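Trainee: could you work out the structure for the sequence below:
(chains A and B)
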Amino acid sequence: MRIIITALAATLAAATSASAQSPGISGDVVKIGVLNDRSSFQSDLAGVGSEVAARIAAAEVGNKVLGKPVEIIAADMQNKPDVATSIARSWFDTDGVDMIADNQLSSAALAVQELAKQRGKITISVSSATTRLNGDSCSPTGFKWSYDTHSAAAATASAVVKQGGKDWFFLTSDYTFGHTLEEQTSKVVVDLGGRVLGAARHPMGSSDFGSYLLTAQASGAKIIGLANGGTDTINSVKQGREFGLTAGGDVSFAGLAMFITDIHGIGLEAAQGMLLSTSFYWDRDEKSREFAKKFAAEMGRMPTMVHAGVYSGVRHYLRAVEAAGTDDGPTVAAKMKELPVDDLTIQGARIPQNGRVFHDMYLVRVKKPEESTGPWDYYDVIATIPAKDAFLSFEESGCKL
Amino acid sequence: MKRTDINTAGGSPAQGPGRFNSSTILYLVLLALALVAPAVLYPIFLVKVLCVALFALAFNLLIGYGGLLSFGHAMFFGGASYITGHAMLVWGWPTELGILVGVVFSTLLGVVAGLIAIRRQGIYFAMVTLALAQMVYFIFLQMPFTGGEDGIQNVPRRAVFGFIDIANDTTLYYVVLTIFVFGFLFIYRTIHSPFGQVLKAIRENEDRATSLGYHTTRFKLLAFVLSAGLAGLAGATKVVVFQIATLTDVTWQMSGEVVLMTLVGGLGTVFGPVVGAAIIITMQDYLATFGEWVLVIQGVTFVIMVSLFRRGVVGEIAALINRVR
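Mentor: Below is the predicted model:
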């Protein structure tokens, strides 16, 4: 009996001393979990591609940091917040995951970021768009890459107005996301001297946009802002084309929340001339093409801005782990805010305290079919939107850290 | 008619003292297993299974024993979760009162929805409940307090009765297990009471029950309200566990999921919904790493279940036991 107790005590002591051993790499592995929706309607813009993007980032450092292996795992949260949080919980509590990337769906992302905050782990949200992640719900270990609802509204609107598109009409999907987009965009348009001539609200998942489009046409607006998303955006654009709305070239759609995969789905014939903002376009420069080439080798298509964001986030995280000499969440998070973001997709961006990466956005115009030289050659980059115009500053964000 | 071969697993007290004892032992063994489960399995996963299982049990009370297929039960489950979440987060109510107000809300909603829906039968009943649930969904989507697609976030886990600290996952599990056992016993008692017998009679032949002098409408309404209240209890408990209330819980997909759970586990059996919920939640959580294959695996499982095991897992086992006897 005494021997057993001694043995137990010795084991316990060994266990505690091992866990108290810091700094270093917990569990002798840097584990990154890519959490997103891989089976429903948003799986194209993020999905498996995000996992591939994370692997590309890990491969750039030879899948090793501080001499320890980098492991990337992934799970499908099926667009359900409770599945997302229970996966995140078990990843943190039993699987030793150090960082969660992508973190899709705003309601799920907010919950996962809060959980990570409590556990002292890092989240790098990319495909979830809410500014609350870096606003009232911000976390010292929560980061946000790529677009958000503010950049979608403000960046697009300011760039479009500066290009001369002053008379706006909105097609808004009738729920919070749509309302927020419309409200923020209108504000910027009016501030810059533009006019908002009206708005049509439609329920989510409409199939017939005819009457809304005719209202838009009758208003005399030159820019139709699409404050909706996914299939609603795609259907608006296609039907706008069928109604001959954009044929003359004097009326353009401005996509507020659009991805290159949406353009791929609509086709250039219907989408040509659209204006939209993006944090990444694969054919922008030499470095972006290099990333796209690696991505296409795995996926057989070009990356979206979400994929680029996941790549950049994971790359920056690994650099911070290397520099901090540990994978301890808060320490690495502080390091991430110290170092500039520098990789194939983003160069020299800074991260303020609320974790919102300050990188440039780009205003692009969708090419005409005859201008395009091949598949995925869809955009002309017509302006660079500086980070300060695209994102809320730390002071504006409402984050209290 | 085809439902007559569905036995209640574990039997009912009416079937003799010997049977009663064996089923009591079965329940005690299961309870003992439930008590030690968190030592083996991840507590949060178990808690989720319990919440969803309670939801499925509530649903089964209505369809399995009343023969009423509701296709809108998410309105009670999700509705209660929003109300509980709001009460605890914004009004700062303690956990037990928060859950209570959620249950009260879903019960009242059950009265309203029930009064409208039970006037119709069969597919029309299902469609009316679906329509009401869609209305409730859009109300929650538009109401400012629900936070739209962001949902209600960071609902606090306050100590139950002021001294049971549920920040610890294992303690939380036992609290939820207590709620679950309460709900389970409540349903068990209901279906084995004279009320439950009348309900079954209505399920088998409503006209005959009417001719025997029963006000079938009242019985159906009461069953509907009880089911709504229990579904609300499940939803309210889930908020305390996951600390979020989101649109997912009020969508029609959630109403569909509970139908699937009940079918997979065994319609009209006491344990069927529990087993069904465990199977579906296990698939959702543990197969998540298979990525886009989750839905394919789920689909194949359902096809196999529906074509080979019509009575569901528990229903088939019960039938097998009966055949051996």
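Trainee: ok, whatever helix or strand A:L171 lives in near chain B or not?
Mentor: Element membership for A:L171, per DSSP states H and E: strand A:167-173. No - Strand A:167-173 stays clear of chain B (C-beta under 8 Å from any C-beta of the partner chain), getting no nearer than 10.7 Å. To be clear about C-beta, it is placed using only N, CA and C from the backbone, and glycine gets the same treatment.
Trainee: who are the packing partners of the helix or strand that that strand is followed by?
Mentor: Next along the chain after strand A:167-173, taking DSSP H and E as the criterion, comes helix A:176-191. Helices and strands touching helix A:176-191, as assessed by 3 or more C-beta pairs under 8 Å, 6 or more residues apart in numbering or on different chains; DSSP states H and E, comprise helix A:149-150, helix A:156-162, strand A:167-173, strand A:195-202, strand A:223-227.
Trainee: which one of these is the most hemmed in?
Mentor: When neighbours are counted by mean count of other C-beta atoms under 10 Å in any protein chain shown, the highest per-stretch mean among the helices and strands packed on helix A:176-191 falls to strand A:223-227, a mean of 28.
Trainee: could you tell me the angle between it and strand A:195-202?
Mentor: Angle between the axes of strand A:223-227 and strand A:195-202 is 40 degrees (criterion: axes from the mean of the first three to the mean of the last three C-alpha atoms, to 10 degrees).
Trainee: partner strands of strand A:223-227 and their direction?
Mentor: Strand pairing for strand A:223-227, using DSSP bridges, gives strand A:167-173 (parallel), strand A:252-255 (parallel).
Trainee: where does pLDDT dip in the stretch 201-350 of chain A?
Mentor: By pLDDT under 70, the stretch 201-350 of chain A contains no weakly predicted segment.
Trainee: can you pull out the helices in it?
Mentor: For the stretch 201-350 of chain A, the helices defined by DSSP state H, counting those that start in this stretch occupy A:210-218, A:230-242, A:260-266, A:268-271, A:286-299, A:305-324, A:329-338.
Trainee: now swap in chain B and tell me
Mentor: Secondary structure of chain B (DSSP state H): helices at B:17-40, B:43-66, B:74-89, B:95-117, B:122-142, B:169-191, B:194-204, B:206-211, B:216-242, B:252-265, B:272-286, B:293-308, B:312-324.
Trainee: CSV for those, including mean pLDDT?
Mentor: Listed next are the helices of chain B as CSV, based on pLDDT from 0 to 100:
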stretch, mean pLDDT
helix B:17-40, 81
helix B:43-66, 94
helix B:74-89, 96
helix B:95-117, 96
helix B:122-142, 93
helix B:169-191, 94
helix B:194-204, 94
helix B:206-211, 93
helix B:216-242, 96
helix B:252-265, 92
helix B:272-286, 91
helix B:293-308, 85
helix B:312-324, 89
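Trainee: chain B contacts on chain A?
Mentor: A:38-39, A:43, A:47-48, A:51, A:73-83, A:85-87, A:89-90, A:93-94, A:106-108, A:110-111, A:114, A:130, A:132, A:137, A:174-177.
Trainee: pull the contacting residues for the residue in the stretch 51-200 of chain B positioned nearest to chain A.
Mentor: Among all residues of the stretch 51-200 of chain B, B:G148 sits closest to chain A, at 2.7 Å; criterion: C-beta to the nearest C-beta. When the contact criterion is C-beta atoms under 8 Å, 6 or more residues apart in numbering or on different chains, the partners of B:G148 are A:175-177, B:141-142, B:247.
Trainee: redo that, cut-off 6 Å
Mentor: Residues in contact with B:G148 (C-beta atoms under 6 Å, 6 or more residues apart in numbering or on different chains) are A:175-176.
Trainee: just to revisit the earlier point, okay if I get the strands paired with strand A:223-227 as a markdown table plus distance to A:S277?
Mentor: Below are those laid out as a markdown table (distance: least, C-beta to C-beta, whole Å):
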| stretch | distance to A:S277 |
| --- | --- |
| strand A:167-173 | 15 |
| strand A:252-255 | 8 |
